[in-house]
Each structure stands twice: as structure tokens, then as C-alpha cells.
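[1] 3D model of this:
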Amino acid sequence: MLEQVIAAVKMVAHEEIMPRYLQVERIYKSDGSFYTAADMAAQNSLVGKLRTISPAAVMGEEMTDAEQLEQWEKGHSGLWCIDPIDGTSNFMNGLPYFAVSVALMRNGRSVLGVVYNPATNECFYAEQGKGAYLNGQLLPLSRRETSLQRAIANVDLKRLKRQLAGAIAASPPYASQRNYGACTLEWCYTAAGYLDLYLHGGQKPWDYAAGCLILEEAGGQRCTLENDDYWSEPPWRRSVIAALDETLFEQWRDWVRSHTS
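    Here you go, the predicted structure:
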């Protein structure tokens, strides 16, 4: 099944997404966010291809709230969770940091995940209990940083509460900070060891479903701002504190939580 999903994701990326790279206009939603014709074409194509692989429910980012909830509720025993283009603003502006993300979830947890950036040909993937990979190479690719003071962090400040965001801005505990604008790839870059730390104030299922599994299978650690059991949190706005190394994760988690109350 994993090979079939990888093939489907790559086909959709090369047929529906890359021919529209820098060629489409943004369409605004009622909440002020936007999508493009490439998002819709990719989602429609993915839905059809994934249902031929396994006839599970399919929940996509570009569906309506009602459609998403319907698919989530009927997909307890099997749900394809997809983001046709994560990082649409990057895609629109020509920044080569966006991805197609597909996860198969059962009982609210991911058992298979694929994240593919067609601009760089980076394909991250994992199956539960079988390790995580980038283009055939076992993750992580680089050594694990163990010192918080030397770590590189990916932090999305705009979704954090003011007290925590202010503490990070005023006196960050790490060496350097990044924010690339595509959650699915941020998870994967942490799993690969390109990033040491990850912090995000609230993600939807298609933001974390594939990437979280890839980090887990690479040996990484994660929790939410409030709960050590990441998967027990409500699914629709799930925060994340993560690191590849366990010792570093504990330092990072404790520092973050000490600045949230």
C-alpha cells in the first residue's frame, strides 16, 4: 500500500501541481485564507486515486467544514487525511517549500504517512512500526543535538499565546530560529535532523497526520502544550512541542511549559 500511495502522490504532484506552479491566482475563503486551482485539482485527483487503493473515507483541507467533520466521524476505522498543497502561499510566490501530504488514519491515529515536495523531489514516508525514510534513506540523516543552547528551532510565533511568544522573542533558549510555512515539511525536517526543535500553537489533522508519524518512526518525541499524550488531544487545533532527541525534548518541553502559565 505504501508504494501505491507514494506513486499516487507523485503522479498528482507532477500532473496537477507543478504545471500550475506560479501560474494560478489565489481564491479567498470566507475566513480570509486562500487556495488555488492547483489545490482543488490535486485534492480531487488524490481522492479518486486513494479510494482505489483503499475505500476509506477521505478528508481534505479544501473540503468544507461540514464535509471534513462528516468524513472524520465516519472514518474511525479508516480515514485518508490529505493536504493537497501544504504551504500554498509559498507555492504561489515561487518559494520551493510546499508539499503534498497523505496519511492513513485508524482510530484517530496515523498508521501510514507520505509527504512529498515536488520542487525538491523530497519524499518522506513511514509506516507504523517500520521506520521513516527520505527517498529510501533511513531517518534521521544527521546527528541528534542534545543541548538546548545549541539547537535550531522551527517556531510558528503567530499561533502561540502572547506570554510564550513574548518570552521566545525576548530571550530564546536555543541558538537559532526558523519558520518556513509548511507544517508537514517542518515535521519531516525535524525527523530528518535538519531541525532540532519544533513548536506550533495549533494544527489541523492534515497538518500533523503524516508528519507526526514520520517523526515518531524516526525516534522523535512530541507532546502538546498541555498534554504529554499527544494523540489524546482534540484533533481540530492540536499544538505541538517536539524534538528528535529525547533529552533535548525534555529540556524544550519544560522550558516551553514554564512560560505558558
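[2] Now stretch 174-182: buried residues?
    Residues of stretch 174-182 classed as buried: Tyr174, Gln177, Tyr180, Gly181, Ala182 (neighbour count, 16 or more other Cβ atoms under 10 Å). Yep, even glycine has a C-beta here, placed from its N, CA and C like the rest.
[3] Identify all contacting residues around the lowest-mean-pLDDT helix or strand in the chain.
    Within the chain, no helix or strand scores below strand 27-28, which has a mean of 72 by mean pLDDT, DSSP states H and E. With contact meaning Cβ atoms under 8 Å, 6 or more residues apart in numbering, strand 27-28 is reached by Phe34, Tyr35, Thr36, Ala37.
[4] One more: stretch 109-118?
    In contact with stretch 109-118 (Cβ under 8 Å, 6+ apart) are residues 1-2, 5-6, 9-10, 13-14, 17-18, 81, 96-105, 122-128, 184-185, 187-188, 209-214, 231.
[5] And these, which of them are buried?
    Applying 16+ other Cβ under 10 Å to the contacts of stretch 109-118, the neighbour count classes 2, 5, 9-10, 13, 17, 81, 97-105, 122-127, 184-185, 187-188, 209-214 as buried.
[6] And the strands in the stretch 151-261 of the chain, which stretches?
    152-155, 176-178, 197-203, 221-223, 238-243 (DSSP state E, counting those that start in this stretch).
[7] And the contacts of strand 27-28, which of them are buried?
    Buried subset of the contacts of strand 27-28 (neighbour count, 16+ other Cβ under 10 Å): Tyr35, Thr36.
[8] pLDDT, distance to Leu139 and secondary structure for the contacts of strand 27-28 - can I get that in JSON lines?
    Below are those laid out as JSON lines (pLDDT from 0 to 100; distance: Cβ to Cβ, whole Å; DSSP: H, G, I helix; E, B strand; the rest coil):
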{"residue": "Phe34", "pLDDT": "71", "distance to Leu139": "32", "secondary structure": "strand"}
{"residue": "Tyr35", "pLDDT": "77", "distance to Leu139": "30", "secondary structure": "strand"}
{"residue": "Thr36", "pLDDT": "86", "distance to Leu139": "30", "secondary structure": "coil"}
{"residue": "Ala37", "pLDDT": "89", "distance to Leu139": "33", "secondary structure": "helix"}
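[9] and Ala182, what does it touch?
    Counting by Cβ under 8 Å, 6+ apart, Ala182 makes contact with Asp86, Gly87, Asn90, Tyr97, Phe98, Ala99.
[10] now do Glu186
    Glu186 is in contact with Asn154, Tyr180, Leu195, Tyr198, His200, Gly211, counting by Cβ under 8 Å, 6+ apart.
[11] can you list the domain ranges for this structure.
    Domain assignment for the chain by automatic domain parsing gives 2-138, 148-258.
[12] on that earlier part again, got a markdown table for the contacts of Glu186, with pLDDT and distance to Leu112 too?
    A markdown table is the format used below for the contacts of Glu186 (pLDDT from 0 to 100; distance: Cβ to Cβ, whole Å):
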| residue | pLDDT | distance to Leu112 |
| --- | --- | --- |
| Asn154 | 97 | 24 |
| Tyr180 | 92 | 24 |
| Leu195 | 96 | 23 |
| Tyr198 | 98 | 21 |
| His200 | 97 | 22 |
| Gly211 | 98 | 13 |
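[13] mind listing the helices in the stretch 151-261 of the chain by residue range?
    For the stretch 151-261 of the chain, the helices defined by DSSP state H, counting those that start in this stretch cover 162-170, 183-192, 205-217, 246-258.
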